[in-house]
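*Asks:* Sequence below, structure please.
(2 chains)
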There are 2 protein chains.
Amino acid sequence: MSENGVSPRAKVLTIDNMNPTVKKVEYAVRGPIVQRALELERELSEGMKKPFVEVIKANIGDAHAMGQQPITFFRQVLALCSYPELLNDSSFPEDAKSRARRILQSCGGNSMGSYSASQGIESVRQDVARYIERRDGGVPCDPDNIFLTTGASDGIVTMLKLLVCGEGETRTGVMISIPQYPLYSAALAELAAVQVNYYLNEEKCWSMDLSELQRSLDEARRHCNPRALCVINPGNPTGQVQSRQCIEDVIRFAAKERLFLMADEVYQDNVYAEGCEFHSFKKVLFNMGPEYSDIVELASFHSTSKCYMGECGFRGGYMEIINLDEEVRAQLTKLVSVRLCPPVPGQALMDLVVNPPQIGEPSYDKFIKERSATLSVLAEKAKLTEQVLNTVKGISCNPVQGAMYSFPSISIPEKAIKEATDKGQQADMFYCMKLLEETGICLVPGSGFGQRDGTYHFRMTILPSTDKLKILLNKVKEFHQKFTEEYS
Amino acid sequence: MSENGVSPRAKVLTIDNMNPTVKKVEYAVRGPIVQRALELERELSEGMKKPFVEVIKANIGDAHAMGQQPITFFRQVLALCSYPELLNDSSFPEDAKSRARRILQSCGGNSMGSYSASQGIESVRQDVARYIERRDGGVPCDPDNIFLTTGASDGIVTMLKLLVCGEGETRTGVMISIPQYPLYSAALAELAAVQVNYYLNEEKCWSMDLSELQRSLDEARRHCNPRALCVINPGNPTGQVQSRQCIEDVIRFAAKERLFLMADEVYQDNVYAEGCEFHSFKKVLFNMGPEYSDIVELASFHSTSKCYMGECGFRGGYMEIINLDEEVRAQLTKLVSVRLCPPVPGQALMDLVVNPPQIGEPSYDKFIKERSATLSVLAEKAKLTEQVLNTVKGISCNPVQGAMYSFPSISIPEKAIKEATDKGQQADMFYCMKLLEETGICLVPGSGFGQRDGTYHFRMTILPSTDKLKILLNKVKEFHQKFTEEYS
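*Replies:* Below is the predicted model:
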């Protein structure tokens, strides 16, 4: 009843009659803790007193927002493509101009304002294919197997969408790592697919265990039809980099168990730890010979958003599909055509990532300098994060071998767990919320990514500037000590 | 069995076990006829002999690809935002620089490479709200009701996704016009919602008939739960512009029948016919008073892709939601957060569209000149198309009052219909395919948009340059005469 006593008319669309699968979607990286961080920032800007002077956000891999600078060459080409009059400006380097001309020639009417082919601009797909061949030591790549996407998320959701069918015990199950990047759980919830969890081995630096994959699969087969296995390498949120041996084992497992492989490789340039190297699933698959490379169905994903580029806002990405059934490929082509095309500036940026300045070109030295600087700072911060967190009693942090995140386990006293439970909160959400209120530091609770029952974690990015990262780590340290005392 | 007699292993993902809803999706605008047009282009470029020297594509509203020039101011600001070093370049006008500064200040780290808020950049949403208020004669608009999107398609699919629930006879039905823009049928197929057709009145210039809406709704209620009514105004593919009276009637109908209204208004600046004017559903709704404006749930959509901008490749757009239930809004906010954010260059472009140069600013005169030139050429071509087509016996074309398309009805001789049927083709697909092979002109058959049984149409855009459009129209004329003779 409203104030005047008249019963207000019910809405057509209400929480009770809306799409139930949408209601099941969760996405912790932009969840309640981030909402509260934004509120706190506003309160600070309005002059409200807080026990801190700024909110430091380490919740999301948003590099430029944390001060990482874009690659000059990339932005020069994008400016040239946006406003081709600049092609007459002598202050732009010639290699930037030639890249811009090539991109514009591939656009209808020589304009980034045209729709591209739904699969992506042909010349960009060719450049992606050449990049993959170089990266993978010469394993061939067919541009027809490349689909440009709106960030990697778009490609992942599209492939999952193709895979989902059946009802009840025949419903498609999709195996995802725990901890996982919550895009996967969100997409599976929306598609009403069955999320099949396999746990990464925290004791062994978050590696994949074959026996755990088998356990997970066998259990899942009792109640659904597991058809796909998703792997994130380098790992998000775990920061692990998989060994070549591990990838071979996973491929053998997928072949044996007849699983469609999905390899999320958006952090392929983010490898810091000594002795670690990025191996693409595609390369390892083809090095295993036709016995595997002729049969295993694989989709792998890359993006402009991470690595040394960090260009999240452009929503560029690609996927490569291997051994996809031809009729399914036709369905995929049709499906992507409904949304017309990925954003063309993101496609242009993807092209630059796979076809950066070459030795001898005027922009080469600057490009290498900028890229190396960004990656070496990230490597330092990866090390710093691990080191400082491991000095804290009750926090245990695996090496950040790659990607942009640390996912330490935290011990939370029983009393705190009880208080959280009373509030209807996960204990690590309670912890992170308190951390935010007391220190202004915004992390994401481990429960948003999944973790073994009874363990608690948080994910933090290593993206704040070194100075801010030091402040952040010290505040976390102090907070954890205080929190542990308070609840002991 | 493969060549060597070994049975090849079946794929994990096949046409028989893939997502059945994806298989039901169709999208004529990029369907087989367009595939064939691309092949013909390649064959021509390889020197193959054809009865024509070029393929003229009038299948898709892709303005820049057809030679329409981008607005200089928009592209200057995008270049400045892409490469902010240019802010020191004295050749850029001051108003472009100040717009770029404002956009960059709203981006994390002052970079378009940062993720924005999932709902879109706040300052852009504010500018959209002010634009809507000006457009709608002062009807207030709350920036919190604005969601920026990846083109209008993204917003439309997102809203449809929220609306779908139930099974069997309680499954959500969505009313769409026939002919329709096939994004709607494609999205409904994918969501496994029930497509509820209402026919536009071709005899009355493709207007909406209340009695037809009622018939369609009443019939649908026997087998599903119709919950939403979609309207495209100005019309795609029909080119009609709805009268204020018609919009009022539709709103009353939606209120009476408890339907969620979706207004696709991406052609709002594309109005050419004398006596026609664009009225937004939002404005009309609020002018009808609180009896309606307090209750009718409305989502309306706009985009950077059409009108005088034609910037399809940037995938910019917004939706405004009115009277959405608060809990549903929270679900919407969560849902869009999973995909992180719409492309930031598209958001920047959307901002420029709603906040173009103002009187007294250095770029104003040029902007107005460019905009007027584009719109007046479109108006000429709309008229030309109608006039020429109506000189052809067996083609009947309503006035192209707005949007970018003509959707004439064509009479197809019985013999041709039979030949098409024998080939398993729709008669208008047969017609368009033959037109393409003989003349190089690429149109889309009416069957891709829906039409009354026994009638045939094609959709053609009015976007080719005036010279090419004349060639195109004359070739269609000749072809139709020849085709009619051949099959009579």
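*Asks:* Any buried residues in stretch A:258-272, and which?
*Replies:* Neighbour-count burial for stretch A:258-272, counted by 16 or more other Cβ atoms under 10 Å in any protein chain shown, picks out A:259-272. Just so you know, the C-beta spots here come from the backbone N, C-alpha and C atoms, and that holds for glycine as well.
*Asks:* gap between the two ends of it?
*Replies:* 33 Å (Cα to Cα, to the nearest Å).
*Asks:* And the average pLDDT for that stretch is what?
*Replies:* For stretch A:258-272, mean pLDDT is 96.
*Asks:* Same question for stretch A:85-102.
*Replies:* On average, stretch A:85-102 scores 96.
*Asks:* Which residues in it does the neighbour count mark as buried?
*Replies:* Using 16+ other Cβ under 10 Å as the test for burial, stretch A:85-102 gives A:Leu86, A:Phe92, A:Pro93, A:Asp95, A:Ala96, A:Lys97, A:Arg99, A:Ala100, A:Arg101, A:Arg102.
*Asks:* what sits up against it?
*Replies:* A:73, A:76-77, A:79-81, A:84, A:123, A:351-352, A:355, A:357, A:361-364, B:79, B:86, B:89 (Cβ atoms under 8 Å, 6 or more residues apart in numbering or on different chains).
*Asks:* let's see it at 7 Å
*Replies:* If you take Cβ atoms under 7 Å, 6 or more residues apart in numbering or on different chains as the criterion, stretch A:85-102 is touched by A:73, A:76-77, A:79-81, A:123, A:352, A:357, A:361-363, B:79.
*Asks:* can you check stretch A:273-280 too?
*Replies:* By Cβ under 7 Å, 6+ apart, stretch A:273-280 touches A:135-136, A:234, A:241, A:244, A:247, A:265, A:268, A:271, A:300, A:399, A:401-402.
*Asks:* now those: which count as buried?
*Replies:* A:Arg135, A:Asp136, A:Pro234, A:Val241, A:Ile247, A:Glu265, A:Gln268, A:Val271, A:Ser300, A:Pro399, A:Gln401, A:Gly402.
*Asks:* Make sure A:Met319 is indeed in a strand.
*Replies:* Yes - counting by DSSP: H, G, I helix; E, B strand; the rest coil, A:Met319 falls inside a strand.
*Asks:* Turn the buried residues of stretch A:258-272 into CSV, columns for distance to A:Lys381.
*Replies:* Shown next, in CSV, are these (distance: Cβ to Cβ, whole Å):
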residue, distance to A:Lys381
A:Leu259, 35
A:Phe260, 36
A:Leu261, 31
A:Met262, 29
A:Ala263, 26
A:Asp264, 22
A:Glu265, 21
A:Val266, 19
A:Tyr267, 14
A:Gln268, 19
A:Asp269, 15
A:Asn270, 11
A:Val271, 14
A:Tyr272, 9
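*Asks:* near chain B, which of these show up?
*Replies:* Applying Cβ under 7 Å from any Cβ of the partner chain to these, one finds that A:Leu259, A:Phe260 fall near chain B.
*Asks:* Out of the buried residues of stretch A:258-272, which is nearest to chain B?
*Replies:* A:Phe260 (4.6 Å; Cβ to the nearest Cβ).
*Asks:* Confidence-wise, which of the contacts of stretch A:85-102 comes last?
*Replies:* Between the contacts of stretch A:85-102, the one the model trusts least by pLDDT is A:Ser123, at 93.
*Asks:* Spit out the contact partners of the residue nearest to that residue when sequence neighbours are not counted.
*Replies:* Leaving aside its chain neighbours, A:Ser123 sits nearest to A:Ser106 (4.2 Å; criterion: Cβ to Cβ, 6 or more residues apart in numbering or on different chains). Neighbour list for A:Ser106: A:Ile121, A:Glu122, A:Ser123 [criterion: Cβ under 7 Å, 6+ apart].
*Asks:* Just the ones of those residues in helices?
*Replies:* Among these, the members found in helices (DSSP state H) are A:Glu122, A:Ser123.
*Asks:* For the helix ranked longest in chain A, buried residues please.
*Replies:* What stands out as the longest helix in chain A, according to DSSP H, is helix A:364-389. For helix A:364-389, a neighbour-count test (16+ other Cβ under 10 Å) marks A:364, A:367, A:370-371, A:374-375, A:377-379, A:381-382, A:384-386, A:388-389 as buried.
*Asks:* Kindly report the same for stretch A:189-205.
*Replies:* If you call a residue buried by 16+ other Cβ under 10 Å, then stretch A:189-205 has these buried ones: A:189-191, A:193-200, A:202, A:205.
*Asks:* quick one: low-confidence parts of the stretch 101-250 of chain A?
*Replies:* For the stretch 101-250 of chain A, not a single residue meets the criterion pLDDT under 70.
*Asks:* Mind jotting down where the helices sit in it?
*Replies:* A:122-135, A:151-163, A:183-190, A:210-221, A:244-257 (DSSP state H, counting those that start in this stretch).
*Asks:* what's the distance between A:His279 and chain B?
*Replies:* To chain B, A:His279 is 23 Å away according to Cβ to the nearest Cβ, to the nearest Å.
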